[in-house]
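Undergrad: Build the 3D model from these lines:
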Amino acid sequence: MINYVLEPTQEGQLRRRVLFWLPAPLPVLGLVALLVGGALSASGWTILLAASVGVGTLLLAVIVQPTPLPEGLTPQVSARRSLHRFRQFTGLRIALALVPVAIGAAASLIGGGMYPLFAALALAWPQILMAMPTFFTITRARRAMEAWGTTAYLWHALSRPSKVTWPLVTSGRRIWRQWREDRAKARAVSRREAELRRSEQAERDQARDPEVVLPHPDQVTTARIPSLSAGQDGDEASEQQEQGETAGDGEGAGVGGDEIEPTAKMPALDEDTPAAGNPAATTGTGSERTSGTVLERGGALSQRVRRTRRGAQSTRRPHSHKP
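TA: Model (predicted):
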């Protein structure tokens, strides 16, 4: 049954249109019953009016058929025109079936009873069922279209695929979706405009108050300090140590505490004992012994002495090592 109703063809679309309007008189029946208070009896002329309208529309639905197709049409054009005329024919039968319902409801309200509406419904529902695209209805409509000799490919046109749609429901749903999309777009635009206004207001406030606004703590980023290599780290550490020693020498001169010698310790100057393995150290004066010690070490001062002399010079007068 569900597949029969939801058949995705042109015939199924016409069938769904008829089934949609089949229960339409029921809300009208309930509304009229509430308005008249449930009374049944009504004036005779109102009942006659509703019945006569129902009979007239029923006769029109039975007699009226689609108009014949013109001659000389190709099969494609014939199928398209026959389908269009059958759609019009189905819509005409549905409209003719709803007319007695409206007339009967008005007659019931005027007469104060439900009998006029009952008479109209008894003649309207068969007309709605007659609009159903059954085999008998389609065959009779096809024969009426072929009255002038042109073949109507109505069955082929009704078997074409079509979307599953319902009258008023599908269009209303499409309008509702479009309205929701438009509302979402309007809200997004208003949100962006509000943010833009807030940012402009903040810029104007900051222009009036030139104080620097500190960022939020969560937004502060900490810069990463690049690591130094082993050789660079050692050189920096040695230079800092030598600068600290030089500063300590300057402070020690004013205070009078422990003093750090600016040069390497030389046994030939500090002690009178001769250096082993150096014949010049056992004999000669102190300057000769000093020159011999320097030559023995390579003829150059130590690295510590050179680094100290390249750094900040001490203002302290060198201590005399002479006896």
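
Undergrad: how about the helices of the stretch 101-250 of the chain, start to end?
TA: Taking DSSP state H, counting those that start in this stretch as the criterion, the stretch 101-250 of the chain contains helices spanning 115-130, 135-145, 154-158, 169-208, 230-255.

Undergrad: okay, these in TSV with mean pLDDT and mean neighbour count next?
TA: The C-beta positions use only the backbone N, C-alpha and C, and glycine is treated the same way. Below are those laid out as TSV (pLDDT from 0 to 100; neighbours: other CB atoms under 10 Å):
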stretch	mean pLDDT	mean neighbour count
helix 115-130	91	21
helix 135-145	91	15
helix 154-158	89	20
helix 169-208	87	10
helix 230-255	48	12
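
Undergrad: With distance to residue 45 as added columns, please give those helices in JSON lines.
TA: As requested, the helices of the stretch 101-250 of the chain are exported to JSON lines (distance: least, CB to CB, whole Å):
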{"stretch": "helix 115-130", "distance to residue 45": "9"}
{"stretch": "helix 135-145", "distance to residue 45": "35"}
{"stretch": "helix 154-158", "distance to residue 45": "43"}
{"stretch": "helix 169-208", "distance to residue 45": "39"}
{"stretch": "helix 230-255", "distance to residue 45": "115"}
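
Undergrad: Out of these, which is closest to residue 2?
TA: helix 169-208 (16.5 Å; CB to CB).

Undergrad: follow-up on the earlier one: for the helices of the stretch 101-250 of the chain, which one sits closest to residue 34?
TA: Taking the helices of the stretch 101-250 of the chain one by one with CB to CB, helix 115-130 is closest: 12.4 Å.

Undergrad: mind listing what residue 154 touches?
TA: The contact partners of residue 154, taken as CB atoms under 8 Å, 6 or more residues apart in numbering, are 79, 82, 83, 86, 138, 141, 142, 145.

Undergrad: Please repeat the previous calculation with a cut-off of 10 Å.
TA: Residues counted as contacts of residue 154 (CB atoms under 10 Å, 6 or more residues apart in numbering) are 10-11, 66, 69, 78-79, 81-83, 85-86, 133, 138-139, 141-143, 145-146.

Undergrad: Repeat that for residue 208.
TA: Counted by CB under 10 Å, 6+ apart, residue 208 has zero contacts.

Undergrad: Distance check, it against residue 195.
TA: Between residue 208 and residue 195 the distance, using CB to CB, to the nearest Å, works out to 21 Å.

Undergrad: again, but for residue 145
TA: Residue 145 sits 64 Å away from residue 195, taking CB to CB as the criterion.

Undergrad: what's the domain layout of the protein?
TA: Following automatic domain parsing, the chain resolves into domains at 2-169, 265-311.

Undergrad: out of the ones you listed, deepest packed?
TA: Across the domains of the chain, averaging neighbours per residue (mean count of other CB atoms under 10 Å) puts domain 2-169 on top, at a mean of 17.

Undergrad: Any idea how far apart the tips of it sit?
TA: Taking CA to CA, to the nearest Å, domain 2-169 runs 18 Å from one end to the other.

Undergrad: Next, give phi and psi for residue 165.
TA: When read as degrees, to the nearest 10, the backbone of residue 165 gives phi -130, psi 160.

Undergrad: before we move on, what about residue 27?
TA: Dihedral pair for residue 27: phi -60, psi -40, per degrees, to the nearest 10.

Undergrad: Retrieve the pLDDT associated with it.
TA: Turning to residue 27, the model gives it a pLDDT of 91.

Undergrad: what sits against it?
TA: Neighbour list for residue 27: empty [criterion: CB under 10 Å, 6+ apart].

Undergrad: ok so, going back, let me have the domains of the chain in a markdown table, extended by distance to residue 179.
TA: Shown next, in a markdown table, are the domains of the chain (distance: least, CB to CB, whole Å):
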| stretch | distance to residue 179 |
| --- | --- |
| domain 2-169 | 16 |
| domain 265-311 | 81 |
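
Undergrad: Please consider this matter closed, and thank you.
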